[in-house]
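>>> Coordinates for the following, if possible.
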Amino acid sequence: MTRHRISRILATLVAFSLAACGGGSSSLSVAPVASSTATPVPSTSTAAGSAVPYGQHLLSGATYLGAANLKDLGVDLYVPMRDAAGLATYARAASTPGNALYRHWLTPQQLGDRFGADATSYANLVSSLNAQHLAVKQYPQRQMVRIRGAQADVQRVLGTTFGYYRKGTTTFLAPANAPKPLASLHVAAIGNAVSYTLRRRDFVPVRATSAFIEGYSPQQIANAFDYTGAYAAGYKGDGITIGIIGTGPITDGYPGYTGVGDVQDLRKLYNVTGTGTVKQDFDLNNVSPGTGQAGTSYSSGLASPPPVTSPNSAGCMSQGYSSSGDLSQITDYTTCNPEDIEAQLDTEQAATLAPDATVNFYIAYNPAETFCTAAQEASSSSANCLSPSQQLGLSLSDDEIQQAIADNQSDIISMSFGSDELDNNGLYFGSGSNNYGPTELASLLAEGIAVFASSGDDGADACQGTVDNGVVNPDQACVSYPATDPSAVSVGGVNAPLNDAGTIVGPVTGWGVATQNADVGAIGGSGGGCSIFFQAPTYETSLASSLCNGTRTQPDVSLDADTNTGVAVDTDADPSLGGRTIQAVGGTSVAAPEMAAMWALVLEACKNSSSCANGGSYTIPSGTTTTYPYRLGNPNAYLFPLVTSNATANGQNYGSTFLDVQFGNNSLPSTTGTGQDPGYNAGVGYDLVTGLGVPFARNIIKYVVGV
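The predicted model follows:
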């Protein structure tokens, strides 16, 4: 790869490490507080309900500091769905060619009517919460509501008190005892009650050496994986929308922003032409305000995110954050809201590789999840009176996903974050949870939306990146969620040696330590292995039986991710933010939006093909309207038959649609001993390092659509 010098690389890159790229926006910066292991004060609530899941798993290894003295707070309430299991079954059926329900996509309203909470019960819940002085944001799929109000009102309704906890260096808010919501509300589970987040961004900045590195250009990636062949055939993503679940702020598409956006700047810098635009979605509609006991009116607690700031602004410096700092230090995003690199990476890869597509960036912002009363802040009289706990992006990803389901505007969703399955068991799925992780992704799939998730950057050892002390052995074989969810396409990574023209000039290998140069890139590897919680979907049964004893395999496909072959990411392009910086970034966060962009070209081809857009092998019932008939649901249902049954369709076979990556290993150095932990080897056909291999855009279109 040819690398180019630039004027500056953000020093903040050095601060990120593979195992600690976390969602620090939910952390709190605190004055010294006396640590205590005393039992929390029992709730005085008179609620008669039963205890419900609330993320208690996250409290493992945490120390209780004391009661929280707050002004107001907000949480998510998950409601009993009529048929959550039926939703998952429907989503799978609608994505299975030959099934009677194949490509019969549902609207958000139909999701609610068929599988969500009963409409009357949902409306009564909203009214009851309003009567308890709480504001409520509701969604047409009727799976959850978001509430906000005064601390006393929220605690009374939830049947708990809130306190502060510390785990490692992070101080966070959580219920001091198991919530028992009012029985009349029929709450199934509580989300975002614990402000400690598990999810980590799956990107790896290149460490600066004496050289200044900018990474591959969009044209090099497009040429290497034959996006250019699709462009030449007329497919650049026109009429297709790619949704990004946001991890942090971006400048592009911010209403009223008149500065230079990073996507806009990168496209101009590399002469990428296209009609696509970037839009930000922070929908604040469908909110029923509650009236506080003192006459105060509360919103839902979500607001328009504040504008992006320079990392060296006065507001950032006053909070102890600088360009070499940690995002978890930030407590007031209104004065310090620097770019997080991940959000720029995601939007730029999607927007430059599918240049005519619309990129819809979902970003949730909570301006003050909890904070002290004005009198307490003025006097600093309370030992437990902590700074405002604002949340943005990654820590509110569930709110963003729910909004994407409710919008039903994105044809594709890209998620560049995750954490190991063991940590998520009991929270997003499994015993003690409400299974709302798989429910959310099944909802997207039932709408026909393809979901791409990064497989993680810790090779076969996703537990090495754990942020939960509950994992006994961080060196054990682990895979990452949500990539392991059967409704998602798990996207792994490769080392792709390219020349200036984007021609592959050496063997493409699975990303792992064998391809690493510690002086240039952080050590990591393509997330891959066997799920220990999810059974293999039908499309991969034969592979899973031989490789994973019948459980879900990881990853499904791969694209460029190795830090040694990283891509160019444009940050702080506007002069007010310090001026453009081009930096090389690797990780499976590169590969996931690249794959989302490739699928956008496939969907455009389907939309423009009468046989595909009019239904293909399924029949639209007479007198009915099929929503988004060009959507194809889970791409895995089309891609896996290529290797599992040596399929040939439309003149294409496995060898012409995929580069079969046969070399590389995703083991990592042990964190508890010496040497390498066991990993997996790439090999002929499907493997647990690169999945099916690397797809070529033009031939994928020919194989799936036939044009």
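>>> can you give me phi and psi for residue 575?
phi -60, psi -30 (degrees, to the nearest 10).
>>> State the distance from it to residue 647.
53 Å (C-beta to C-beta, to the nearest Å). Quick note: C-beta positions are derived from backbone N, CA and C, even for glycine.
>>> Which of those two has more residues huddled nearby?
Using other C-beta atoms under 10 Å, the more surrounded residue of residue 575 and residue 647 is residue 647, with 16 against 11.
>>> The more buried one reaches residue 641, doesn't it?
Yes. With contact defined as C-beta atoms under 8 Å, residue 647 counts as touching residue 641 (4.3 Å).
>>> Could you point out the longest helix of this structure?
helix 588-607 (DSSP state H).
>>> Show me what secondary structure element comes after it.
Next in sequence after helix 588-607, counting helices and strands by DSSP states H and E, comes helix 610-613.
>>> List the buried residues in that next one.
By 16 or more other C-beta atoms under 10 Å, the buried positions in helix 610-613 come out as 612-613.
>>> Can you give the distance of that helix from its chain's centre?
Relative to its chain's centre, helix 610-613 lies at 31 Å (C-alpha atoms, centre = their mean, to the nearest Å).
>>> Ok, stretch 62-77 next?
Put simply, stretch 62-77 sits 25 Å off its chain's centre (C-alpha atoms, centre = their mean).
>>> mind exporting it as PDB, just the C-alpha atoms?
Listed next in PDB are the C-alpha coordinates belonging to stretch 62-77 (Å, rounded to 0.1, in the frame of the first residue of the first chain):
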ATOM      1  CA  ALA A  62     -19.200  -2.600  41.100                       C
ATOM      2  CA  THR A  63     -19.000  -0.800  44.500                       C
ATOM      3  CA  TYR A  64     -22.100   1.100  45.800                       C
ATOM      4  CA  LEU A  65     -21.200   4.700  46.700                       C
ATOM      5  CA  GLY A  66     -24.400   6.100  48.100                       C
ATOM      6  CA  ALA A  67     -27.800   7.400  47.200                       C
ATOM      7  CA  ALA A  68     -28.200   9.700  44.200                       C
ATOM      8  CA  ASN A  69     -29.600  13.200  44.700                       C
ATOM      9  CA  LEU A  70     -31.100  14.000  41.400                       C
ATOM     10  CA  LYS A  71     -33.400  16.500  39.700                       C
ATOM     11  CA  ASP A  72     -34.800  14.200  37.100                       C
ATOM     12  CA  LEU A  73     -34.000  11.100  35.100                       C
ATOM     13  CA  GLY A  74     -35.300   8.900  32.300                       C
ATOM     14  CA  VAL A  75     -35.400   5.200  31.500                       C
ATOM     15  CA  ASP A  76     -36.900   2.800  28.900                       C
ATOM     16  CA  LEU A  77     -39.800   0.600  29.800                       C
END
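>>> So which bits of that stretch are buried?
Using 16+ other C-beta under 10 Å as the test for burial, stretch 62-77 gives 62, 64-66, 68-77.
>>> that's a helix at residue 171, yeah?
No. The assignment for residue 171, made by DSSP: H, G, I helix; E, B strand; the rest coil, is strand rather than a helix.
>>> buried set for the longest helix of the chain?
Using 16+ other C-beta under 10 Å as the test for burial, helix 588-607 gives 588-607.
>>> do the same with stretch 634-650
Using 16+ other C-beta under 10 Å as the test for burial, stretch 634-650 gives 634-644, 647.
>>> dump the residue contacts of residue 393.
Residues counted as contacts of residue 393 (C-beta atoms under 8 Å, 6 or more residues apart in numbering) are 23, 25, 246-249, 340, 343, 363-365, 400.
>>> quick one: the helices in the stretch 501-650 of the chain?
In chain order, the stretch 501-650 of the chain shows helices spanning 541-547, 588-607, 610-613, 636-639, 641-644, with DSSP state H, counting those that start in this stretch as the criterion.
>>> of those, which approaches residue 135 most closely?
If you check each of the helices of the stretch 501-650 of the chain against residue 135 by C-beta to C-beta, helix 588-607 wins as the nearest, at 33.9 Å.
>>> Mind exporting the C-alpha coordinates of the closest one to PDB?
Provided in PDB are the C-alpha atoms of helix 588-607 (Å, rounded to 0.1, in the frame of the first residue of the first chain):
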ATOM      1  CA  THR A 588     -14.300  -4.200  11.400                       C
ATOM      2  CA  SER A 589     -16.000  -0.900  11.700                       C
ATOM      3  CA  VAL A 590     -14.400  -0.200   8.300                       C
ATOM      4  CA  ALA A 591     -15.800  -3.400   6.800                       C
ATOM      5  CA  ALA A 592     -19.400  -3.100   8.100                       C
ATOM      6  CA  PRO A 593     -20.300   0.200   6.400                       C
ATOM      7  CA  GLU A 594     -18.400  -0.900   3.300                       C
ATOM      8  CA  MET A 595     -20.600  -4.000   3.100                       C
ATOM      9  CA  ALA A 596     -23.700  -1.800   3.700                       C
ATOM     10  CA  ALA A 597     -22.700   0.300   0.800                       C
ATOM     11  CA  MET A 598     -22.200  -2.700  -1.400                       C
ATOM     12  CA  TRP A 599     -25.700  -4.000  -0.500                       C
ATOM     13  CA  ALA A 600     -27.100  -0.600  -1.400                       C
ATOM     14  CA  LEU A 601     -25.900  -1.200  -5.000                       C
ATOM     15  CA  VAL A 602     -27.600  -4.600  -5.000                       C
ATOM     16  CA  LEU A 603     -30.900  -3.000  -3.800                       C
ATOM     17  CA  GLU A 604     -30.800  -0.300  -6.400                       C
ATOM     18  CA  ALA A 605     -30.300  -3.000  -9.100                       C
ATOM     19  CA  CYS A 606     -33.300  -4.900  -7.600                       C
ATOM     20  CA  LYS A 607     -35.400  -1.700  -7.600                       C
END
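>>> the bottom helix or strand of this structure by mean pLDDT?
helix 12-15 (a mean of 28; mean pLDDT, DSSP states H and E).
>>> Now the next helix-or-strand element following it: average pLDDT?
Sequence order places strand 63-67 as the next helix or strand after helix 12-15, per DSSP H and E. Averaged over strand 63-67, pLDDT sits at 88.
>>> what's the residue closest to the geometric middle of the protein?
Central residue of the chain (C-alpha atoms, centre = their mean): residue 415, 3.4 Å from the mean position.
>>> Where neighbours are concerned, which of the contacts of residue 393 has the most?
With neighbours taken as other C-beta under 10 Å, the top of those is residue 247, carrying 33 neighbours.
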